[in-house]
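[1] model the following, please.
(one chain, ligands or ions: 2)
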Amino acid sequence: MQNRQEEKISQVVVTAVQMRDIEDRIFAAGMPVVALMEKVAGLIARRIQEIPPTPLFKGGYILSNSLQAEGFRVGILVGPGHNGGDALVVARELHFRGYEVWIYSPFSKLKELTSQHLQYAQSLGIPIYQTIEQLPDSDLLIDGLFGFGLERNLTDPIASAINQLNELSVPIYSIDLPSGLHTDTGEVLGTAIRATHTFCLGLWKLAFFQDQALEYLGKAELIDFDIPLADVEAVLKNAPSIKRIIPATALANLTLPRPQVTHKYKEGHLLLICGSRRYAGGAILTGLGARASGVGMLSIAVPESLKSLLVSHLPEAIIVGCPETETGAIAQLQLPEKTDLSSFNAIACGPGLTRDATPIVQEVINSDRPLILDADGLNILAQMGAIATLKKRLAVTVLTPHTGEFQRLFPDVPNAKHDRVQAVQEAAAQSKAIVLLKGARTAIANPQGAVWSIPESTPALARGGSGDVLTGLLGGLLAQAATKEIPVENIVVTAAWWHSQAGIIAAQERTELGVDAFTLTQYLIKVLSN
Ligand SMILES: NC(=O)C1=CN([C@@H]2O[C@H](COP(=O)(O)OP(=O)(O)OC[C@H]3O[C@@H](n4cnc5c(N)ncnc54)[C@H](O)[C@@H]3O)[C@@H](O)[C@H]2O)[C@@H](O)CC1
Ligand SMILES: [K+]
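    Ligands and ions are numbered 1, 2, ... in the order given. The predicted model follows:
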């Protein structure tokens with residue numbers, strides 16, 4: 001069970017500079033550097049002893065039992081800074097717990113504290129090697145080469161040593177972050193350790209939310225070492241916040257429980273505009289995503305020829321058949337009598353439209369309704385010039401691009417591949433929209449510069465139609481929230497988290513190959529009822 005301080009700490013995301021500033025405040029307040037290293041590395045050593053045996057480990061070792069630690073070989077990789085110091089404290093602790101420890105220390109110049117720990121390890125008789133060729137076999141490697149102090153590209157001989165270590169079929173546990181990764185962008189600086197598991201120390205570093213870092217991080221875990229919240233707040237107070245979403249935050253934005261006395265229009269009316277003769281299924285999936293949101297009323301505008309198909313899949317929805325172009329796209333919106341766009345609490349527009357549906361996208365952009373644009377809605381917006389068009393909008397806009405759509409929308413925003421977090425932040429600031437950039441770690445930004453990251457997902461969701469489900473779900477939540485004064489960015493975060501969780505649960509039950517978009521819609525409610 002997390003206490004409140006731990007829960008708050010687990011949502012904070014920092015850059016290397018911010019981490020250094022927070023650390024400096026702790027030291028300035030009187031915490032000795034050496035004591036902090038001892039505390040942090042002690043926690044890591046204990047976690048390593050708790051690691052349950054896995055098929056990766058040598059036959060049947062139970063690492064939590066010190067008697068059976070005997071004969072278990074742990075190689076400790078030591079760099080020149082305090083990351084190396086942490087690793088040496090771990091080496092010492094494991095040595096005393098009965099593990100067969102050796103040290104790889106290739107640097108001749110070490111920070112003083114690190115050097116002292118190395119000297120003590122040597123006095124204990126722990127073997128120390130300087131070159132990669134000398135290293136004995138091991139069952140586990142602990143990577144303490146570089147932490148957040150790495151600033152420049154790695155070069156030989158350490159770069160080729162890392163490459164060779166990656167080739168060994170031995171699990172690697174990285175301290176703080178895999179050596180070689182940039183702490184903020186997650187970029188590989190020359191080369192990097194491919195960790196099986198990473199113990200992120202104290203606060204989550206930005207790299208953990210960058211797609212390009214994921215294959216190096218392995219399973220990521222925060223080692224909380226009781227950083228005072230006051231120090232975190234003091235350093236972050238003037239910076240735009242970057243938050244890691246935890247279930248409690250996501251769930252708090254759902255309007256549950258519903259009031260006892262309510263009615264369908266009080267629970268939001270969503271208008272979905274989607275589908276074409278060519279992409280009929282996208283409209284169904286979007287509708288099913290909206291259904292799972294619990295929205296009070298759902299209207300779906302589709303080309304006339306899709307109407308009966310939609311009715312058969314979504315009998316509860318009002319299906320609005322619209323005149324269509326020769327190519328089977330919606331030509332114009334034809335709402336029922338006495339209905340206009342102001343009848344809806346939110347509009348979601350885009351899945352399956354094709355690029356022939358430009359007039360309808362223009363019409364909803366001109367409306368004063370909260371609007372979600374996705375898929376072809378985004379491609380059409382890109383053709384119009386996203387930033388100039390969106391700036392004129394009178395109501396909130398949410399954009400949900402994947403990387404390709406993002407680049408078409410924001411060709412002048414640099415670094416979409418290099419630094420997704422910064423890219424989404426800039427796009428939101430420039431367009432005044434809330435931007436959700438899809439990826440293995442979906443990032444959401446508001447125009448004020450705040451960013452939220454969804455820390456868990458599954459590659460099972462990398463399938464056609466997954467995004468349509470998200471658009472429907474988000475639309476339904478947004479329509480419900482419109483009557484309840486929940487900030488729109490909170491709703492976007494909740495929808496993205498919910499969608500990922502449904503994918504995760506579905507993949508656990510059905511494997512990563514078993515989560516087609518229709519199946520995904522069937523798992524959405526399970527996230528809440530589990
Ligand atoms: N943040 C905290 O509060 C704590 C941090 N600790 C540890 O301290 C680490 C940060 O320590 P440091 O600031 O000493 O930095 P690192 O240990 O990450 O490494 C920096 C060292 O590497 C050298 N270096 C940088 N780039 C290089 C390159 N390309 N090739 C060769 N050498 C290079 C630097 O000159 C410096 O000596 C954290 O990652 C963590 O492991 C813990 O000991 C305790 C608490
Ligand atoms: K490391």
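[2] which helices and strands does the lengthiest helix in the chain pack with?
    Ordering each helix of the chain by length in residues (DSSP state H) puts helix 488-510 first. The contact analysis (3 or more Cβ pairs under 8 Å, 6 or more residues apart in numbering; DSSP states H and E) places helix 488-510 against helix 247-252, strand 434-437, strand 443-445, helix 466-481, helix 517-529. C-beta coordinates here come from the backbone N, C-alpha and C atoms, glycine included.
[3] so the fourth one versus helix 517-529, what angle?
    Relative orientation of helix 466-481 and helix 517-529, computed by axes from the mean of the first three to the mean of the last three Cα atoms, to 10 degrees: 40 degrees.
[4] just checking, next helix/strand downstream of the lowest-mean-pLDDT helix or strand in the chain?
    Here the helix or strand of the chain ranked lowest by mean pLDDT, DSSP states H and E is helix 66-69, holding a mean of 58. Proceeding N to C from helix 66-69, the next assigned helix or strand is strand 73-78, under DSSP states H and E.
[5] tell me the strands beside that following strand, with direction?
    Sheet pairing of strand 73-78 (DSSP bridges) gives strand 100-104 (parallel), strand 140-144 (parallel).
[6] give me the contacts around it.
    With Cβ atoms under 8 Å, 6 or more residues apart in numbering as the test, strand 73-78 has contacts from 48, 84, 87-88, 90-91, 94, 99-105, 107, 114, 118, 135-145, 165, 170, 179, 193.
[7] buried subset of those, written for ChimeraX?
    Burial among these is assessed by 16 or more other Cβ atoms under 10 Å; the matching ChimeraX selection reads:
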select :48,84,87,88,90,91,94,99,100,101,102,103,104,105,107,114,118,135,138,139,140,141,142,143,144,145,165,170,179,193
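[8] near ligand 1, list only the ones from the contacts of strand 73-78.
    Filtering the contacts of strand 73-78 for proximity to ligand 1 by Cβ under 6 Å from any ligand atom leaves residue 84.
[9] check the residue most central in space within the chain and give its pLDDT.
    The chain has residue 441 as the residue nearest its centroid, 2.9 Å off, counting by Cα atoms, centre = their mean. Looking at residue 441, its pLDDT reads 96.
[10] between the longest helix of the chain and helix 517-529, what angle do the directions make?
    110 degrees.
[11] to ligand 1, which of the helices and strands packed on helix 488-510 lies closest?
    For ligand 1, the closest of these is strand 443-445, at 23.5 Å, according to Cβ to the nearest ligand atom.
[12] same for that closest one, what does it pack against?
    Packed next to strand 443-445, using 3+ Cβ pairs under 8 Å, 6+ apart, are helix 420-431, strand 434-437, strand 451-453, helix 488-510.
[13] flag every residue of this protein that's near ligand 2.
    Contact residues (Cβ under 5 Å from the ion) of the chain with ligand 2: 143, 174, 175, 179.
[14] so which of the residues you listed belong to strands?
    The strands, defined by DSSP state E, take in 143, 174, 175 from those.
[15] give the contact list for residue 93.
    Neighbours of residue 93 in contact, by Cβ under 8 Å, 6+ apart: 41, 42, 45.
[16] of those, which are in range of ligand 1?
    Restricting the contacts of residue 93 to those near ligand 1 - Cβ under 6 Å from any ligand atom - leaves none.
[17] tell me the one of those nearest ligand 2?
    Nearest to ligand 2 out of those is residue 41 (Cβ to the ion; 12.3 Å).
[18] for residue 19, see how far away the nearest residue to that closest one once chain neighbours are set aside is.
    With sequence-adjacent residues excluded and distances taken as Cβ to Cβ, 6 or more residues apart in numbering, residue 41 is closest to residue 89, at 3.3 Å. Using Cβ to Cβ, to the nearest Å, one gets 19 Å for the distance from residue 89 to residue 19.
[19] can you add mean neighbour count and give the helices and strands packed on helix 488-510 back as a markdown table?
    As requested, those are exported to a markdown table (neighbours: other Cβ atoms under 10 Å):
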| stretch | mean neighbour count |
| --- | --- |
| helix 247-252 | 14 |
| strand 434-437 | 28 |
| strand 443-445 | 26 |
| helix 466-481 | 29 |
| helix 517-529 | 18 |
